[in-house]
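Visitor: next come a sequence and a model predicted from it.
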Amino acid sequence: MHARVPVVTTAALLGGTVLMFPGRHAELGSPGTVPVIVSHRGASGYAPENTLAAADKAAELGFDWVETDVQRTRDGELVVLHDDTLERTTDVERVHPGRAPWKVEDFTAAEVALLDAGSWFGPSYAGARVPALRQFVDRVSRNHQKLLLEIKNPELHPGIERQTLKLLSNEGWLDPAHVDGGLIIQSFSADSVRTVHDLHPGVKTALLGTPSFGDLAECARFADQINPAYASLSVGYIAAVRALRGPHGRPLEIFTWTVDDADDARRAAGYGVDGIITNTPDVIRRALPQRLPRG
Ligand code: G3P
Ligand code: CA
């Protein structure tokens, strides 16, 4: 157990009182243990992605880690949506005709709330909505789940990092219980991940993608995880990542995505990844040896 010595950071000086507890996160990775399984956009193989139903489906299947994506509407509401436009996963073309290209930042929260985000997936999900982030976080809380939250397209939503952290704080997600092992914030944007770390250094962060070997040491200054696509994994890359310590003093972790195939899951586990992000968490659980899970 690490001593929890609070350190006042430069972010605290800039943005209010922020305390940082070096090394306080629950450690996920150690060789020979089973990777954490993360339900991608909820259990999105079985329920419409990024809906409350997808979070519930993951809970029903017995999975506590849920990944989701946050973006912002025209009037500043944080909503849970993967694409930068609404037409693939909703009936926006029918409800709001003539509004192409249906970018989420061109619609108000009230307009988004009218959309059916479930029928495209199957008739039994008709009427599912695009959740506000607050609703999604509350549902994850109610389900006693953990959250891997991706800040999606941050370049389209300036200031989304601070706004997201404020919402999480208001909903109780920046308390020690969540920060110690129930919350990770990730992005493909290194600038966005760095901003999250600077604003709230206690929060665990992840950089999506495969930074070059030469950039990894810099990434380790603000990211606790490097989360690469499964296809880009290699033994050498994983070793290079693991050799570094992140901002909380622990070896960098690796959650890989999106793995829905049993053989791929076994291969990823063999590489020693800490987490597998999947649309079909039950398939991955069956593929892996039944030992005590991490986290
Ligand atoms: O969590 C990994 C994964 O979500 C990144 O890709 O495009 O599904 O958001 P994407
Ligand atoms: Ca995502």
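Guide: Cool, the structure landed. Ligands and ions are numbered 1, 2, ... in the order given.
Visitor: any idea what the residue in the stretch 1-150 of the chain positioned nearest to ligand 1 is bridged to?
Guide: Taking CB to the nearest ligand atom, ligand 1 has its nearest neighbour within the stretch 1-150 of the chain at residue 67, 4.6 Å off. The way it works is simple: take the backbone N, C-alpha and C, and place the C-beta from them, glycine included. Per DSSP bridges, the residues bridged to residue 67 are residue 148.
Visitor: contact partners for it?
Guide: Residues in contact with residue 67 (CB atoms under 8 Å, 6 or more residues apart in numbering) are 38-42, 148-150, 277.
Visitor: next, give phi and psi for residue 146.
Guide: phi -120, psi 160 (degrees, to the nearest 10).
Visitor: torsion angles phi and psi at the closest residue in space to it that isn't next to it in sequence?
Guide: Leaving aside its chain neighbours, residue 146 sits nearest to residue 182 (4.3 Å; criterion: CB to CB, 6 or more residues apart in numbering). Main-chain torsions, residue 182, degrees, to the nearest 10: phi -120, psi 0.
Visitor: now residue 54
Guide: phi -70, psi -40.
Visitor: helices of this protein, start to end?
Guide: 10-15, 52-61, 92-95, 109-113, 133-142, 160-170, 176-179, 190-199, 216-219, 235-242, 262-271, 281-287 (DSSP state H).
Visitor: mind putting the ones you listed into CSV with mean pLDDT?
Guide: Shown next, in CSV, are the helices of the chain (pLDDT from 0 to 100):
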stretch, mean pLDDT
helix 10-15, 27
helix 52-61, 98
helix 92-95, 98
helix 109-113, 98
helix 133-142, 98
helix 160-170, 98
helix 176-179, 94
helix 190-199, 98
helix 216-219, 98
helix 235-242, 97
helix 262-271, 96
helix 281-287, 98
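Visitor: looking at those, which is nearest to residue 75?
Guide: Counting by CB to CB, residue 75 lies closest to helix 109-113 out of the helices of the chain; the figure is 5.8 Å.
Visitor: what are the buried residues along the closest one?
Guide: Under the neighbour-count criterion of 16 or more other CB atoms under 10 Å, helix 109-113 has 109, 111-112 buried.
Visitor: so what's the residue count around whichever residue of the chain sits closest to ligand 2?
Guide: In the chain, the residue that lies nearest ligand 2 is residue 150 (3.9 Å; CB to the ion). Residues within reach of residue 150, counting by other CB atoms under 10 Å, total 24.
Visitor: and for residue 92?
Guide: If we define neighbours as other CB under 10 Å, then residue 92 has 24 of them.
Visitor: likewise residue 48?
Guide: 26.
Visitor: and for the one 4 residues further on?
Guide: Using other CB under 10 Å, residue 52 has 23 other residues around it.
Visitor: contacting residues for the nearest residue to it once chain neighbours are set aside?
Guide: Nearest residue to residue 52, sequence neighbours excluded (CB to CB, 6+ apart): residue 139, at 4.9 Å. Counting by CB under 8 Å, 6+ apart, residue 139 touches 52, 55-56, 131.
Visitor: which one of those residues sits closest to residue 210?
Guide: residue 55 (28.1 Å).
Visitor: thinking the closest one is in contact with residue 140, fair?
Guide: Yes: counting by CB atoms under 8 Å, residue 140 is a contact partner of residue 55 at 5.7 Å.
Visitor: shared neighbours of the two, anything?
Guide: residue 66.
Visitor: and the helices of the chain, which is most packed in?
Guide: Among those, helix 52-61 has the highest mean neighbour count (mean count of other CB atoms under 10 Å), at a mean of 23.
Visitor: which parts of the stretch 1-150 of the chain sit against ligand 1?
Guide: Proximity of the stretch 1-150 of the chain to ligand 1, by CB under 6 Å from any ligand atom, involves residues 40, 67, 69, 82, 150.
Visitor: would you turn the contacts of residue 67 into TSV with pLDDT and distance to residue 116?
Guide: Output for these, formatted as TSV (pLDDT from 0 to 100; distance: CB to CB, whole Å):
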residue	pLDDT	distance to residue 116
38	98	27
39	98	22
40	98	22
41	98	17
42	98	17
148	98	26
149	99	24
150	99	23
277	98	26
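Visitor: any chance of these in JSON lines, plus distance to residue 98?
Guide: JSON lines is the format used below for the contacts of residue 67 (distance: CB to CB, whole Å):
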{"residue": "38", "distance to residue 98": "38"}
{"residue": "39", "distance to residue 98": "36"}
{"residue": "40", "distance to residue 98": "33"}
{"residue": "41", "distance to residue 98": "29"}
{"residue": "42", "distance to residue 98": "31"}
{"residue": "148", "distance to residue 98": "36"}
{"residue": "149", "distance to residue 98": "33"}
{"residue": "150", "distance to residue 98": "31"}
{"residue": "277", "distance to residue 98": "37"}
